[in-house]
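Visitor: Fold the following for me, if possible:
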Amino acid sequence: MSIPTEIEIKLRVDDFTVVRTALVSAGAKALETDRELNMFFDRPDKSLHAQGAGLRLRWIWRNEALEPQALLTWKGRAVPSVMHHRPSLDISVAPPEQMVALLEMLGFQRTLAFEKLRESWRLETCRIELDHLPDLGNFVEIEAPTESAVLAMQRRLNLLGRPIEPESYIALVERHLHAHHVDDNTLRFQHHR
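Guide: Prediction:
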């Protein structure tokens, strides 16, 4: 079986105004606006982390829905590159609450969680995500089938000078939670505390 590989770049931005303007001017299609809760699981011996792999359960409230959808994602070891290259499998699951119970019954433990607001766009072969994380700020992710397509879209959206964020959201959130001594390993927006 062939496992899909995601190829993407993550860029820090101050706000999304200029990016949205460039997307609209280029004819991009606005997709959905989501609120997410991303929960990460590992075995008690942290063997997934040791392998460079990850297991995430994402609850998604799409376009202000009252009930979440859920997506279970496995990610393999990243390929060294300026961009993020890693094998990735996604499976839609329902009901979301039972997936947490199932993972725990299988011996996995929740290690970390964070909320995120995501605005999704499509332009040609690229998916562009405008992500806002509590306390960490704004990021633009560009995902495409090839590195050259990612770089071409970065140029097209006038983002060539923006700093590339080489670390995953998990690494950024872990460091922030550790620095701020957050007991439950969860990064949330203020209104949900």
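Visitor: any low-confidence regions in the protein?
Guide: In the predicted model of the chain, residues 1, 191-193 satisfy pLDDT under 70.
Visitor: dump the residue contacts of L157.
Guide: Counting by CB atoms under 8 Å, 6 or more residues apart in numbering, L157 touches V19, A22, L23, A26, I128, V140, I142. C-beta coordinates here come from the backbone N, C-alpha and C atoms, glycine included.
Visitor: Likewise for L11?
Guide: L11 neighbours (CB under 8 Å, 6+ apart): F139, V140, E141, I142, Q154, L159, R162, P163, I164, E165.
Visitor: Looks like N63 contacts R35 (just checking).
Guide: No - at 9.6 Å, N63 does not count as touching R35 under the criterion of CB atoms under 8 Å.
Visitor: separation between T73 and R58?
Guide: Applying CB to CB, to the nearest Å, one obtains 7 Å for the distance of T73 from R58.
Visitor: neighbour count winner among those two?
Guide: More crowded of T73 and R58, by other CB atoms under 10 Å: R58, with 21 against 16.
Visitor: From R188, how far off is that one?
Guide: 15 Å.
Visitor: quick one, what contacts the residue most central in space within the chain?
Guide: Centroid-nearest residue in the chain: Y169, 6.6 Å away (criterion: CA atoms, centre = their mean). Going by CB under 8 Å, 6+ apart, Y169 touches N38, F114, K116, D131, L133.
Visitor: cool, K46 as well?
Guide: Applying CB under 8 Å, 6+ apart to K46 gives the contacts T111.
Visitor: Same question for W61.
Guide: Counted by CB under 8 Å, 6+ apart, W61 has contacts D34, R35, E36, E67, P68.
Visitor: What separates the first and last residues of stretch 85-103, distance-wise?
Guide: Chord length of stretch 85-103, first to last residue, is 26 Å (CA to CA, to the nearest Å).
Visitor: on that earlier part again, select only the buried ones of the contacts of L157 in PyMOL?
Guide: Buried residues among these (16 or more other CB atoms under 10 Å), as a PyMOL selection:
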select buried, resi 19+22+23+128+140+142
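Visitor: In helices, which of the contacts of L157 fall?
Guide: Of the contacts of L157, the ones assigned to helices by DSSP state H are V19, A22, L23, A26.
Visitor: okay if I get the residues you listed as JSON lines plus distance to E124?
Guide: Converted to JSON lines, these look like this (distance: CB to CB, whole Å):
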{"residue": "V19", "distance to E124": "16"}
{"residue": "A22", "distance to E124": "14"}
{"residue": "L23", "distance to E124": "12"}
{"residue": "A26", "distance to E124": "9"}
